[in-house]
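Visitor: Sequence and predicted structure are below.
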Amino acid sequence: MKIAVVGTGYVGLVTGACFADLGNVVTCVDVDQEKVRQLKKGHVPIFEPGLEEIIGRNRGGRLSFTTDLARAVQSSDFIFIAVSTPPGKDGEADIANVRAVAQGIARSINRYKIIINKSTVPIGMGDIVTQIIIKHGPKGVSFDVVSNPEFLREGSAVADLLRPERVVIGATRRTAAQKVAEIYKPLHCPILITDLKSAEMIKYASNAFLATKISFINEIANLCDKVGADVLQVTRGMSYDSRIGSQFLNAGLGFGGSCFPKDVAALVHIGKTNGYPFRILPNVLSVNDHQRALFVQKTQKAVGNLRGKTLAVWGLSFKPNTDDLREAPALSIVPALKSKGARLKIYDPAAMGKAKPLFKNVKYCKSPYEAAQGADAVLVLTDWNEFQQIDFLKLKQAVRQPVLVDGRNMYDPQEMAEKGFAYHGMGRGEVAAF
Ligand SMILES: NC(=O)c1ccc[n+]([C@@H]2O[C@H](COP(=O)([O-])OP(=O)(O)OC[C@H]3O[C@@H](n4cnc5c(N)ncnc54)[C@H](O)[C@@H]3O)[C@@H](O)[C@H]2O)c1
């Protein structure tokens, strides 16, 4: 099939590369000329396991990159929109990029096309795209607008795209949805066809539910700290109940990334403007913010006044296996620690390149041990696998004080105590332990 994917970010680039790998002819389009130039040369601008290989074996064959939207539209039958929809005023999703692409499609559409929206957009956006194309497009050209929300996770985006738990396709005309379903057929996954608005709502409802799970367990963790219970033992006990399950119950620094915070805020806004002010969701966001402040307080409690103290910061990205810093807890925690006078030595396996313009006057280190050298405490902000393999003997020799403030609950408090570390987790029963 001939496919255009507009937007070459985490979603668009992975989608375009994987669709090409499945045998389709894919043109990836972006307005960012530098990005396109790099992609044409084979430089992949984001870190996603497996992505470089897929792009490498398809580039120059079935996969091409351009800034020329018109030509990509004209040569394709399916046009996926995967542009950013950043948070606007009052949490409202900013749909300017999607509108711009719709206008571009309208200006160049030359025959029947299926326009598929993969960006996360407010409910009703499919109708807006339709109206834009009717208004700005040539008379008599037919098209369908379809919603195909994306559920991939950064860090495992390729695997998620190739092995999705479900694909949701929302359309006004079933035949259009079925044509889009053909693209996904080789993946042998459940494909759910819905109406347009329900598909758009499925994406927001899914993200808001997952974010709610995280804030819920963080509140339980905070109470665990007060009463001396261990949230990990609590969630283990909860997870045997199949109605609850074990996923997304990791207490810690809360959710970040380009999706959960913005999508929950957008849904709150959609609720407000449609006469249904959510009661749960605003609190999901405020609990999430609070976790970061709480971590800074925990650090202060662990090492005392931070002025002049050296802190090792392990991890910056909002989660492991990605270099993405968007809405990462580090974005508020690092400046907060600095403003209290701490000297920071930072290590992240992938995100330091993106961090350098954001955090000045900190020391970027080549390994977790280098960061820990002479530190008054080691702070874990991202649960990178690498931090699971730490040689604690070596670490103890490196630090000035063996204090571990674990924002991701990576380590066992008992084990850390045995290794001689003062351990502070999130909801690990500190009151009882200390
Ligand atoms: N990142 C995720 O994990 C994820 C998962 C599911 C859904 N989503 C949703 O998918 C959409 C894209 O997210 P992302 O993380 O890939 O964004 P991104 O910021 O990584 O990439 C977006 C790309 O779109 C390009 N772009 C912006 N306006 C354009 C235009 N008018 N024409 C062509 N290109 C344009 C940008 O230059 C950028 O390269 C968002 O709506 C997001 O909410 C993201």
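Guide: Thanks, I have the structure now.

Visitor: element containing the residue nearest to residue 54 when sequence neighbours are not counted, please.
Guide: Sequence neighbours aside, residue 17 is the residue nearest to residue 54 in space, at 4.5 Å (criterion: CB to CB, 6 or more residues apart in numbering). The C-beta positions use only the backbone N, C-alpha and C, and glycine is treated the same way. Applying DSSP states H and E as the criterion places residue 17 in helix 10-21.

Visitor: right, is that helix up against the ligand?
Guide: Yes. Helix 10-21 comes into contact with the ligand (CB under 6 Å from any ligand atom), by way of 10, 11, 12.

Visitor: what number of residues lie near the closest residue to residue 258 other than its chain neighbours?
Guide: Leaving aside its chain neighbours, residue 258 sits nearest to residue 326 (4.2 Å; criterion: CB to CB, 6+ apart). If you count neighbours by other CB atoms under 10 Å, residue 326 ends up with 19.

Visitor: surely residue 326 meets residue 256?
Guide: Yes. Applying CB atoms under 8 Å, one finds residue 326 in contact with residue 256, separated by 7.2 Å.

Visitor: Quickly list what's touching both of those two.
Guide: Listed as contacting both residue 326 and residue 256 by CB atoms under 8 Å, 6 or more residues apart in numbering are residue 318.

Visitor: sorry, back to before: hmm, the residue nearest to residue 54 is touching residue 50, no?
Guide: No. Checked against CB under 8 Å, the pair residue 17 and residue 50 is beyond contact range at 9.2 Å.

Visitor: more neighbours, the two?
Guide: Each of residue 17 and residue 50 has its neighbours counted (other CB under 10 Å); residue 17 has more, 32 against 16.

Visitor: In the stretch 1-150 of the chain, which residue sits closest to the ligand?
Guide: Using CB to the nearest ligand atom, the closest approach of the stretch 1-150 of the chain to the ligand is made by residue 9 at 1.7 Å.

Visitor: neighbours around the nearest residue to that residue once chain neighbours are set aside, how many?
Guide: Spatial nearest neighbour of residue 9, excluding adjacent residues (CB to CB, 6+ apart): residue 84 at 6.2 Å. A count of nearby residues for residue 84, using other CB under 10 Å, gives 18.

Visitor: helix, strand or coil for residue 84?
Guide: For residue 84, the assignment made with DSSP: H, G, I helix; E, B strand; the rest coil gives coil.

Visitor: Quick check: pLDDT value at it.
Guide: On pLDDT, residue 84 comes in at 96.

Visitor: centroid residue for the chain?
Guide: Nearest residue to the geometric centre of the chain (CA atoms, centre = their mean): residue 257, 3.8 Å.

Visitor: does that one sit in a helix or strand, and which one?
Guide: Per DSSP H and E, there is no helix or strand for residue 257.

Visitor: pretty sure it is touching residue 329, no?
Guide: No. With contact defined as CB under 8 Å, residue 257 does not count as touching residue 329 (10.4 Å).

Visitor: joint contacts of the two?
Guide: Here residue 257 and residue 329 share the contacting residues residue 318, scored by CB under 8 Å, 6+ apart.

Visitor: Same question for the longest helix anywhere in the chain: list its buried residues.
Guide: As assigned by DSSP state H, the longest helix anywhere in the chain is helix 196-227. By 16 or more other CB atoms under 10 Å, the buried positions in helix 196-227 come out as 196-197, 199-204, 207-208, 210-222, 224-225.

Visitor: With stretch 23-40 instead?
Guide: In terms of neighbour count (16+ other CB under 10 Å), stretch 23-40 has its buried residues at 24, 25, 26, 27, 28, 29, 30, 31, 35, 36, 39.

Visitor: So which of those sit within strands?
Guide: Counted as lying in strands by DSSP state E, out of the buried residues of stretch 23-40, are 25, 26, 27, 28, 29.

Visitor: Thought residue 19 was touching the second one, still the case?
Guide: Yes. Contact criterion CB under 8 Å: residue 26 and residue 19 qualify, at 5.1 Å.

Visitor: I figured residue 400 hits residue 374, correct?
Guide: Yes. With contact defined as CB under 8 Å, residue 400 and residue 374 form a contacting pair (5.1 Å).

Visitor: intersection of neighbour lists for those two?
Guide: Contacts common to residue 400 and residue 374, judged by CB under 8 Å, 6+ apart, are residue 310.

Visitor: give me the number of residues near residue 232?
Guide: Neighbour tally, residue 232, other CB under 10 Å: 21.

Visitor: Tell me which helix or strand it sits in.
Guide: Using DSSP H and E, residue 232 sits in helix 231-239.

Visitor: Can you list the neighbours in contact with that helix?
Guide: Under CB under 8 Å, 6+ apart, the answer for helix 231-239 is 217, 220-221, 224, 244-246, 249-251, 409, 426-428.

Visitor: among those residues, which two are most distant?
Guide: Greatest spatial distance in these: 245 and 428, 21.7 Å, computed using CB to CB.

Visitor: which of these two has more neighbours?
Guide: Using other CB under 10 Å, the more surrounded residue of residue 245 and residue 428 is residue 428, with 26 against 12.

Visitor: how much space between the more buried one and the ligand?
Guide: For residue 428, the distance to the ligand equals 29 Å [CB to the nearest ligand atom, to the nearest Å].

Visitor: distance between the ends of stretch 308-317?
Guide: Stretch 308-317 has its terminal residues 25 Å apart, counting by CA to CA, to the nearest Å.

Visitor: wait, I meant stretch 190-198
Guide: The straight-line separation of the ends of stretch 190-198 (CA to CA) is 17 Å.

Visitor: Check the burial of residue 360 by counting its neighbours.
Guide: There are 7 residues near residue 360, going by other CB under 10 Å.

Visitor: Pull the contacting residues for residue 349.
Guide: 384, 386.

Visitor: Counting neighbours, what do you get for the nearest residue to residue 221 once chain neighbours are set aside?
Guide: Nearest non-adjacent residue to residue 221, counting by CB to CB, 6+ apart: residue 427, 2.5 Å away. Neighbourhood size, residue 427 [other CB under 10 Å]: 24.

Visitor: Great, nothing more from me.
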